[in-house]
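[1] Just the structure for this:
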Amino acid sequence: MAKWKLNPAIRRAESSGPAMFAQIALPIIERFGDEAKKIVYDTMYKAGYEKGQRFAKKAKDRNDLLEFERILIEDYIKSGSNTPSFDDPARKWLIKTKDKCSYNLSLCGGCESNIPEVWKGMGLDAKAIRMLSDLSCVPYDHGMREGFNPKIKFKFAKLAPHGDPCCEWYEVIEK
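    Just a heads-up that it's a prediction; the model follows:
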């Protein structure tokens, strides 16, 4: 198995998504306030939920978080994302069992596009960056897991856009 390496060209290309999200969301929120925030949150949750449902159709066992994570990681790689494979040592697993998973996302998924740095580069302050992540990362990731299996309980233990050094999540299948 080849060891994963960061591809700077892909990282630059991936940064356009967070920039576009901010450019669209911020003026709408500024004009329409909390109602707009709810619409953005619900839209991101729904997008994640629908993706989770597509993953569920590929799964043999929807009660296996490792299967969910493998499908998720394969989807990132298939879509051109620059992310370590499921078994690559660069993926820093903290918990890796069928009913509990957690890993450090400093090199994985959306975090490898360095979302906080993209938003900082746009001149946004910490408060705006936190709000944008609460309206994009949080609902999308929750929705994805609940779409795959409503018994999955998910939380971010760390979130880079909140000022943490990396993103890290924890998920468990509720019994």
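[2] Beyond the helix or strand encompassing Pro27, next helix or strand please.
    In this assignment (DSSP states H and E), Pro27 forms part of helix 16-32. Following helix 16-32 in sequence order, the next helix or strand is helix 34-58 (DSSP H and E).
[3] and the next helix or strand after that following helix, which residues are buried?
    The C-terminal neighbour of helix 34-58 among helices and strands, as given by DSSP H and E, is helix 65-78. Residues of helix 65-78 classed as buried by neighbour count (16 or more other Cβ atoms under 10 Å): 65-73, 75-76. C-beta: built from backbone N, CA, C; applies to glycine.
[4] Also stretch 33-43?
    Buried, per 16+ other Cβ under 10 Å, within stretch 33-43: 36-37, 40-41, 43.
[5] can you check stretch 138-158 too?
    So for stretch 138-158, counting by 16+ other Cβ under 10 Å, buried means 138-149, 152, 154, 156, 158.
[6] what residues does the helix holding Pro27 touch?
    Outside helix 16-32, the residues that touch it by Cβ atoms under 8 Å, 6 or more residues apart in numbering are 36-37, 40, 110, 113, 115, 118-119, 122, 124, 128, 131-132, 135-136.
[7] hmm, 10 Å instead?
    Residues outside helix 16-32 that contact it (Cβ atoms under 10 Å, 6 or more residues apart in numbering) are 35-40, 43-44, 110, 113-119, 121-122, 124, 128-129, 131-133, 135-137, 161.
[8] Show me those that map onto helices.
    35-40, 43-44, 115-119, 121, 128-129, 131-133, 135, 137 (DSSP state H).
[9] can you give me phi and psi for Lys96?
    Per-residue torsions, Lys96: phi -140, psi 80 (degrees, to the nearest 10).
[10] Where does pLDDT dip in the protein?
    Across the chain, the ranges flagged by pLDDT under 70 are 1-15, 82, 106-113.
[11] how close does the most far-flung residue of it relative to its centre sit to Pro116?
    Distance to the chain centre peaks in the chain at Arg31, reaching 26.9 Å (criterion: Cα atoms, centre = their mean). Noted for Arg31: a distance of 25 Å to Pro116, by Cβ to Cβ, to the nearest Å.
[12] Equivalent analysis for Glu67, please.
    Counting by Cβ to Cβ - Glu67 and Pro116 are separated by 30 Å.
[13] next one: Gly52
    Taking Cβ to Cβ, one finds Gly52 at 25 Å from Pro116.
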